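In: Fold the following, please.
(chains A and B)
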Amino acid sequence: MTRPSRASGRSPAPVGGVTERLQVLLPKLVLSPTVVLVLVFVYGFIAFTGYLSFTGSRILPSFELVGIDNYVRLFSLRNWGIALKNLALFGVLYIAICTAIGLFIAILLDQKIRGEGVLRPIYLYPMALSFIVTGTAWKWFLDPGIGLQNTMHLWGWESFEFTWIKDRNLAIYTIVIAAVWQSSGFVMAMFLAGLRGIDYEILKAAQIDGASNFQLYRRIVIPQLRPAFLSAFVVLAHLAIKSYDLVVALTAGGPGRATEMPATFMYSYTFTRNQMAVGASSAVIMLATIASVIVPYIYAEIRQGRQR
Amino acid sequence: MSAAAQDTAVHTAVRTGRLARAAIYAGLLVFAVYYLLPLYVMVVNSVKPLDEIRSGDMLALPRAFTIAPWLSAWSTAQIGVEPTGLVPYFWNTIRMVVPAVVISTLMGALNGYVLTKWRFRGDTVLFGCLLFACFIPFQIVLIPMASVLGFLNLAGTTAGLVLVHVVYGLGFTTLFFRNYYDAFPTELVKAAQIDGAGFFRIFWRILLPSSGPIIVVTVIWQFTNVWNDFLFGVSFSDYDSMPMTVALNNLVSSSTGVKEYNVHFAGAILAALPTLVVYVVSGRYFVRGLMAGAVKG
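Out: Below is the predicted model:
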């Protein structure tokens, strides 16, 4: 892939007529609606929410500044503490398990498997579903009364117990189960693409040197998958921080507030508890967390693109 | 993946014995069961009478087959205060998805064209800013968006939701087309320019005819995202514009009356069906979109 040089796409110098001048302006004119929309609806809105987080807004936006009071309040709220703890727990498990399962299936699937064309779509289809659908399916499947536990009892395994979804301390793990189910196939696809791009010659050489299959993967294959690991991490981390739909559909933040997450916290404080400024400050923290992952990634990607 | 590409892959170097191969197949099958299980549970229990679910085994095939839950979920189930089923919300979603996908794809195509073939100072920075917009947590825009939609008289309307989805879809659609057009030979564009072809003519005659695959990728990506959206729907819609995902959640989480699990499952499948069909018909492009969304440059 060659990249066009900077000047190559430029139109010829304008000769002077109105149409020629229009031709020169046209590209920027075409791009301008997007620039305006993004400037206002993304960056303007970020600034607006940022400003609100320093005001005393409650039901409606107010513009009177109160300093960092909202942030102080936010971090003293028990619900926010729970939300952060849940996000950390969920995020770490979600990313780790998705990566592990995704890599494992990708390696298995890369062994010249007959029926790969049938298996791959099976691993991937959950990604096409709405989190609300995923949540509905898992909510009733994990329900002790009618779901898995009841089924095991009917099958004769009387002592089988699986009541996580009703348990304050364990409900967060049911969200991990459903989220991993939804996203791990996607991670698999990323690793599979990475595996198929690996240099075959190095592998052959290593094998002639007597490396075992395990060593082959550990020493040569997995290190070469670094870009896929990075992409998977970025995508999963930002999905984890944004996760809202699945929590709403699966546990609605409960039992009690046991599965509160930053996204559900922001929504309930802003729109149902009428503490808009606290909601705004929680949104700012979410943005800052995502930005700390995304900005270095985008920066590196764009720089790399330039050097190509 | 072609046969030639397969031969350069890792597996040709890895030797596996008969036993190891059996274990690999077994492992793959176990995972297949894990991924299919929730879908199986949904389908099987959506055609059982309610008492059979309550008394019985969720993994068993139905003893008494019935399509009543499907009919109920589609047209008579109680959602909110109205016994309308999901059908009005289905149409709300269609009315929202079609314009949102068409507009954002078209704008993305033009943006990608400008950013690769009509480059100007600062275009990379601009692209970086667009890219960052793909990843923002939407919580950061909910409050001002609610005010702006109210100000524009679009609060609670389908037009308002279309606006929201176009704005926050632009980053990805631009990204897709930019990366695609980046590999398109600039010499062709230059030659057409020398022949006197203008901006739109070049786009229309030269780039667009060869954009088939990326249009499919973008449309699928946008369709799936907008169809499956919940946060914007729950924040900015009224009865007349409420999308299907929000209606489904209301149906399932309703705390009044008997929990009709079979109707919930049927409703969930109905809400999932359009994106599932798209996925089955064009899975290859769906995966490509996912990858393009993850790996940039």
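In: who touches stretch B:162-171?
Out: Stretch B:162-171 is contacted from outside by A:34, A:37-38, A:41-42, B:96, B:99-100, B:103-104, B:107-108, B:111, B:130-134, B:138, B:141, B:145, B:149, B:152, B:154, B:222, B:225-226, B:229, B:232, B:236, using C-beta atoms under 8 Å, 6 or more residues apart in numbering or on different chains. Any C-beta I mention is one placed from the backbone N, CA and C, and that applies to glycine too.
In: Which among these count as buried?
Out: For these, a burial check counting by 16 or more other C-beta atoms under 10 Å in any protein chain shown picks out A:34, A:37-38, A:41-42, B:96, B:99-100, B:103-104, B:107-108, B:111, B:130-134, B:138, B:141, B:145, B:149, B:154, B:222, B:225-226, B:229, B:232, B:236.
In: Which residue ranges of the stretch 151-300 of chain A form helices?
Out: A:171-195, A:200-208, A:213-215, A:222-224, A:226-242, A:245-250, A:262-267, A:276-307 (DSSP state H, counting those that start in this stretch).
In: Relative to B:Gly27, how far out is A:Ser76?
Out: 48 Å (C-beta to C-beta, to the nearest Å).
In: who has more neighbours, these two?
Out: Taking neighbours as other C-beta atoms under 10 Å in any protein chain shown, A:Ser76 and B:Gly27 compare with B:Gly27 leading, 15 against 9.
In: Now the more buried one. Nearest residue, chain neighbours left out?
Out: A:Leu108 (5.4 Å; C-beta to C-beta, 6 or more residues apart in numbering or on different chains).
In: contacting residues for the one you found?
Out: So A:Leu108 contacts B:Ile24, B:Gly27, B:Leu28 (C-beta under 8 Å, 6+ apart).
In: shaky segments in the chain?
Out: Because you didn't say which chain, this covers chain A. For chain A, residues meeting the criterion pLDDT under 70 lie at A:1-16, A:305-308.
In: could you do chain B instead?
Out: B:1-16, B:255, B:289-297.
In: for chain B, what's the longest helix?
Out: Determined from DSSP state H, the single longest helix within chain B is helix B:87-117.
In: mind listing what's buried in that helix?
Out: Neighbour counts over helix B:87-117 (16+ other C-beta under 10 Å) mark B:87-90, B:92-93, B:95-97, B:99-101, B:103-105, B:107-117 as buried.
In: near chain A, from those?
Out: B:Met107, B:Leu110, B:Asn111, B:Tyr113, B:Val114, B:Leu115, B:Thr116, B:Lys117 (C-beta under 8 Å from any C-beta of the partner chain).
In: if I look at the second one, how far off is B:Trp118?
Out: Distance of B:Leu110 to B:Trp118, computed by C-beta to C-beta: 10 Å.
In: Just give the closest residue to B:Leu188, not the sequence neighbours.
Out: Spatially, and ignoring its direct neighbours in sequence, B:Leu188 is nearest to B:Ile206 (5.8 Å; C-beta to C-beta, 6+ apart).
In: residues contacting that neighbour?
Out: By C-beta under 8 Å, 6+ apart, B:Ile206 lies in contact with B:Leu188, B:Val189, B:Ala192, B:Ala197.
In: What subset of those residues is buried?
Out: For the contacts of B:Ile206, buried by 16+ other C-beta under 10 Å: B:Val189, B:Ala192, B:Ala197.
In: and which of those is nearest chain A?
Out: The shortest approach to chain A among the buried ones among the contacts of B:Ile206 belongs to B:Val189, at 6.6 Å (C-beta to the nearest C-beta).
In: Pull the one helix or strand the closest one maps to out as PDB, backbone CA atoms only.
Out: In this assignment (DSSP states H and E), B:Val189 forms part of helix B:186-194. Extracted as PDB, the C-alpha positions of helix B:186-194 are listed here (Å, rounded to 0.1, in the frame of the first residue of the first chain):
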ATOM      1  CA  THR B 186      -4.300   8.700  -6.600                       C
ATOM      2  CA  GLU B 187      -2.900   8.600 -10.100                       C
ATOM      3  CA  LEU B 188      -6.400   7.900 -11.400                       C
ATOM      4  CA  VAL B 189      -7.800  10.900  -9.600                       C
ATOM      5  CA  LYS B 190      -5.000  13.100 -11.000                       C
ATOM      6  CA  ALA B 191      -5.500  11.800 -14.500                       C
ATOM      7  CA  ALA B 192      -9.200  12.600 -14.300                       C
ATOM      8  CA  GLN B 193      -8.400  16.100 -13.000                       C
ATOM      9  CA  ILE B 194      -6.200  16.800 -16.000                       C
END
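In: tell me the contacts of B:Ala159?
Out: So B:Ala159 contacts nothing (C-beta under 8 Å, 6+ apart).
In: pretty sure it is in a helix, no?
Out: Yes: assessed with DSSP: H, G, I helix; E, B strand; the rest coil, B:Ala159 lies in a helix.
In: Helices of the stretch 151-297 of chain B, start to end?
Out: Going by DSSP H, counting those that start in this stretch, the stretch 151-297 of chain B shows helices at B:158-182, B:186-194, B:199-202, B:212-228, B:231-236, B:244-253, B:261-281, B:283-294.
In: Just put these in a markdown table and tack on distance to B:Leu59.
Out: Below are these laid out as a markdown table (distance: least, C-beta to C-beta, whole Å):
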| stretch | distance to B:Leu59 |
| --- | --- |
| helix B:158-182 | 38 |
| helix B:186-194 | 58 |
| helix B:199-202 | 58 |
| helix B:212-228 | 27 |
| helix B:231-236 | 32 |
| helix B:244-253 | 20 |
| helix B:261-281 | 13 |
| helix B:283-294 | 27 |
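In: Tell me which of these lies nearest to A:Gln149.
Out: Nearest to A:Gln149, of all these, is helix B:261-281, at 14.9 Å by C-beta to C-beta.
In: What residues of that closest one count as buried?
Out: Buried residues in helix B:261-281 (16+ other C-beta under 10 Å): B:261-272, B:274-276, B:278-279.
In: hmm, that helix in reach of chain A?
Out: Yes: applying C-beta under 8 Å from any C-beta, one finds helix B:261-281 in contact with chain A at B:261, B:264-265, B:267-269, B:271-272, B:275-276, B:278-280.
In: For the spatially most central residue of chain A, list the residues it contacts.
Out: Taking C-alpha atoms, centre = their mean, the centroid of chain A lies closest to A:Leu239, which sits 1.7 Å from it. Shown in contact with A:Leu239 (C-beta under 8 Å, 6+ apart): A:Tyr94, A:Ala179, A:Ser183.
In: at 10 Å instead, please
Out: Counting by C-beta atoms under 10 Å, 6 or more residues apart in numbering or on different chains, A:Leu239 makes contact with A:Gly91, A:Tyr94, A:Ile95, A:Cys98, A:Phe131, A:Ala179, A:Gln182, A:Ser183, A:Phe186, A:Leu246, B:Phe135.
In: In CSV, list those residues along with distance to A:Ile82 and neighbour count.
Out: CSV is the format used below for these (distance: C-beta to C-beta, whole Å; neighbours: other C-beta atoms under 10 Å in any protein chain shown):
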residue, distance to A:Ile82, neighbour count
A:Gly91, 14, 19
A:Tyr94, 17, 24
A:Ile95, 20, 20
A:Cys98, 23, 27
A:Phe131, 21, 26
A:Ala179, 18, 26
A:Gln182, 23, 25
A:Ser183, 23, 24
A:Phe186, 28, 23
A:Leu246, 17, 24
B:Phe135, 25, 23
